[in-house]
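1. Predicted model and sequence below, questions to follow.
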Amino acid sequence: MANAYDVVVIGAGTGGYVAAIRAAQLGMRVAVVEKQKALGGTCLIWGCIPTKALLEHAHALKVIQNAKEWGVTIPAGPPVIDMGQVHARKDKVVNGLTKGIEFLFKKNKIDWIKGTARLSGQGGVEVFEGDKQTLDAREIVVATGSAPRSVPGIEIDRKRIITSDEAIHLKELPKSLVIMGSGAVGVEFASIFRRFGSEVTIIELLPRLVPVEDEAVSAELEKSFKKQGIKSLTGTKVTKAAVTGKGVDLEAQTPDGKTQKLSAEILLVATGRGPVTTGLGAEDLGLEMEKGYVKVDQMYRTSAPRISAIGDVITLGGPGHPQLAHVSSAEGVIVAERLAGKEVQPLNYEHVPGCTYCDPEIGSVGITEAEAKKRGYDVQIGAFPFGVLGRAKMAGETEGFVKIVVDKKYDEVLGVHMIGPRSTELVAEAVLALRLECTAEELIRTIHAHPTFSEAVAEAAHATHGAAIHM
Ligand SMILES: Cc1cc2nc3c(=O)[nH]c(=O)nc-3n(C[C@H](O)[C@H](O)[C@H](O)COP(=O)(O)OP(=O)(O)OC[C@H]3O[C@@H](n4cnc5c(N)ncnc54)[C@H](O)[C@@H]3O)c2cc1C
């Protein structure tokens, strides 16, 4: 049958398209239903890729702003950002990558069915918008991802009160911007727009910025943001947001119970993302759900036979499932290999790196110092500042540190938390260290090239033994 497949994947984000490619590599006949005009989902179209492209623009501006330090003379006046060119370049990057996935689909003989799909029971996937048809699937993988969500009382009008989906396309630089939420999305946009020249205030309900990170990292980021002129209001709750002719008037309750009034041209709501399952028919088929997420087991099996689910749309029960591109892709590979009959191991979610591309960057993996203590470990900490590192001095990027959390009993590395230059790259070594259950001693004995940023990791490992060389 022309429309009979071994695997039909619904959604071509980093979960779905990776699952499809891996399944095709393993010899299965695969179709992917995707409703957007391009492949790649949130990561490629509105998320990881366009935000990091904008951050590269912000970085370019930072270097030019500091031209004098580099011995470069730029005649007359401060440099300004050309938003038209910024978006043109960003769009070129995004288009190149989405087209790249189209190429990979062709290479792997994966059919892209353009449309919106729902589960129709007994192995059927009905494409009810776009290329309408019913697909017959031996196995189905739901990878419908997530979308921004607001908080009660704050209505998103997509003009003045916006989400990251609109922020990524802002053609005009707002004079002032209030950001609600200081997770990765919130602090990345804070870095972008502050560097471009907006007045930025970030409001976080919890007592510190980037609340999932180690406390020392949060403190360092707040210090750096202050220096850059980003105002942080932590422990503060936005209670009202009203659109006016010129922007948004806000009221927020500060930790002392007082009401603070603020106004800005734009309010960016970055308070998290919720699952996309509307119209999917998951409930009709009796799939077990939890708070709107599709519930799966460690092998991404839903409660219905022959239906798996991966990525931002799932919950494994218990603590929050990380909504990250690399997590969805790792799950995509596992599910495809399981469906092909290969033996697969469950993911260890404590070994998932978290990267936040604000300025300065954050990279972390494993448990924080506070969590290690809560779990009863006798904790040994080693930290090393980038400020004394030769390579960081050369780059003129001396903020931040690498901090390693070690279990004193076995010298095992439990967590690595860094903020500073290249942290989102340096964390890869830490991920491997955790995966291989490394000791601090093993990190110390691993030779790190000189002069590199990675020496900060080695020095922090030395510091856990009270023996940092350059400090
Ligand atoms: C601003 C921002 C920055 C981010 N930065 C990073 C980062 O730097 N690093 C990182 O790891 N993560 C980042 N993320 C998170 C990352 O983008 C997501 O975790 C990842 O995209 C999830 O992949 P997914 O495949 O589960 O879902 P998605 O990427 O959301 O893909 C789901 C796809 O399914 C399609 N779809 C939904 N329903 C249907 C249907 N019924 N029929 C057909 N198609 C359907 C959608 O159109 C979409 O293309 C960022 C997110 C945002 C918003």
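-> Thanks, I have it. Residues are numbered from 1 along each chain as shown.

2. Give the buried residues for the top helix by length along the chain.
-> The helix that spans the most residues within the chain, counting by DSSP state H, is helix 83-107. Neighbour-count burial for helix 83-107 flags V86, H87, R89, K90, V94, L97, T98, I101, E102, L104, F105 (criterion: 16 or more other C-beta atoms under 10 Å). Every C-beta, even on glycine, is put in place using the N, C-alpha and C of the backbone.

3. dump the residue contacts of the nearest residue to the second one once chain neighbours are set aside.
-> Nearest-residue entry for H87: K171, 6.6 Å, with adjacent residues in sequence omitted and distances by C-beta to C-beta, 6 or more residues apart in numbering. Taking C-beta atoms under 8 Å, 6 or more residues apart in numbering as the contact definition, K171 lies against M83, G84, H87.

4. do V243 as well
-> Shown in contact with V243 (C-beta under 8 Å, 6+ apart): D157, K159, R160, I161.

5. For the third one, give me the pLDDT.
-> This points to R160. pLDDT, R160: 97.

6. Output the contacting helices and strands for the longest helix of the chain.
-> If you count contacts as 3 or more C-beta pairs under 8 Å, 6 or more residues apart in numbering; DSSP states H and E, helix 83-107 packs onto helix 16-25, helix 41-45, helix 48-65, strand 111-121.

7. thinking again about what came up before, the contacts of K171 into JSON lines, with extra columns for distance to G197 and pLDDT?
-> Below are the contacts of K171 laid out as JSON lines (distance: C-beta to C-beta, whole Å; pLDDT from 0 to 100):
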{"residue": "M83", "distance to G197": "10", "pLDDT": "94"}
{"residue": "G84", "distance to G197": "15", "pLDDT": "94"}
{"residue": "H87", "distance to G197": "16", "pLDDT": "96"}
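
8. number of nearby residues for the closest residue to the ligand within the stretch 151-300 of the chain?
-> With C-beta to the nearest ligand atom as the measure, S164 is the residue of the stretch 151-300 of the chain nearest to the ligand, at 3.8 Å. S164 has 21 neighbouring residues, counting by other C-beta atoms under 10 Å.

9. what's the closest non-adjacent residue to it?
-> Per C-beta to C-beta, 6+ apart, closest to S164 is V185, 5.2 Å.

10. same question, A340
-> Leaving out its chain neighbours, the residue that sits closest to A340 by C-beta to C-beta, 6+ apart is L26, at 3.8 Å.

11. ok, A67 - contacts?
-> A67 makes contact with T73, I74, P79 under the criterion C-beta under 8 Å, 6+ apart.

12. Check the secondary structure at the last one for me.
-> Following DSSP: H, G, I helix; E, B strand; the rest coil, the label given to P79 is coil.

13. Quick check: closest non-adjacent residue to it.
-> Distances taken as C-beta to C-beta, 6+ apart put I64 closest to P79, at 4.6 Å, once the chain neighbours are dropped.

14. Run a quick neighbour tally on that neighbour.
-> I64 is flanked by 15 other residues according to other C-beta under 10 Å.

15. next one: R138
-> Number of residues near R138 (other C-beta under 10 Å) recorded here: 14.

16. Same check on the one 10 residues further on?
-> The local packing count at P148 equals 21, with neighbours defined by other C-beta under 10 Å.

17. now D82
-> With other C-beta under 10 Å as criterion, D82 counts 11.

18. Quick one, grab the pLDDT at the residue nearest to P79.
-> So I64 comes in at 93 (pLDDT).

19. wait, it sits on G77?
-> No. Using C-beta atoms under 8 Å, I64 is not in contact with G77, being 11.9 Å away.

20. ok, and the closest non-adjacent residue to whatever residue of the stretch 201-350 of the chain ends up closest to the ligand?
-> For the stretch 201-350 of the chain, the nearest residue to the ligand under the criterion C-beta to the nearest ligand atom is G311, separated by 2.1 Å. Nearest residue to G311, sequence neighbours excluded (C-beta to C-beta, 6+ apart): G15, at 3.0 Å.

21. and if you look at E371?
-> For E371, ignoring the flanking residues on the chain, the nearest one in space by C-beta to C-beta, 6+ apart is G415 at 7.6 Å.

22. where's the most centrally placed residue in the chain relative to G354, distance?
-> Nearest to the geometric centre of the chain sits L324, at 4.8 Å (C-alpha atoms, centre = their mean). The gap separating L324 from G354 is 7 Å, by C-beta to C-beta, to the nearest Å.

23. Now do the shared contacts for the two.
-> Between them, L324 and G354 share no contacting residue, judged by C-beta under 8 Å, 6+ apart.

24. Quick one: name the residues of the protein near the ligand.
-> Contact residues (C-beta under 6 Å from any ligand atom) of the chain with the ligand: 10-16, 33-36, 41-43, 46-48, 51, 116-117, 143-146, 164, 185, 276, 280, 311-312, 323-326, 328.

25. Going by neighbour count, list what's buried in stretch 458-471.
-> Per 16+ other C-beta under 10 Å, stretch 458-471 contains these buried residues: A458, E459, A460, A461, H462, A463, T464, A468.

26. That stretch spans what distance, first to last residue?
-> End-to-end distance of stretch 458-471 (C-alpha to C-alpha, to the nearest Å): 12 Å.

27. cool, stretch 243-253 as well?
-> 19 Å.

28. ok, and the closest non-adjacent residue to I101?
-> L39 (4.1 Å).

29. so how many other residues sit close to that neighbour?
-> Applying other C-beta under 10 Å, I find that L39 has 26 neighbouring residues.

30. Check the spacing between it and E139 real quick.
-> 20 Å.

31. Isn't the residue nearest to the centre of the chain up against L347?
-> No. If you go by C-beta under 8 Å, L324 and L347 don't touch, sitting 11.7 Å apart.

32. Enumerate every residue touching the residue nearest to A340.
-> With C-beta under 8 Å, 6+ apart, L26 has these contacts: A336, E337, A340, K342.

33. Neighbour-wise, give me the winner out of those.
-> Most surrounded of the contacts of L26: other C-beta under 10 Å gives A336, at 28 neighbours.

34. Tell me the secondary structure at that residue.
-> With three-state DSSP as the criterion, A336 reads helix.

35. ok, it touching G27?
-> No. Using C-beta under 8 Å, A336 makes no contact with G27, being 10.8 Å away.

36. returning to that earlier point: pull the contacting residues for the residue nearest to I101.
-> By C-beta under 8 Å, 6+ apart, the residues touching L39 are A12, Y17, V32, T98, I101, E102, F105, W112.

37. Sweet, I'm off.
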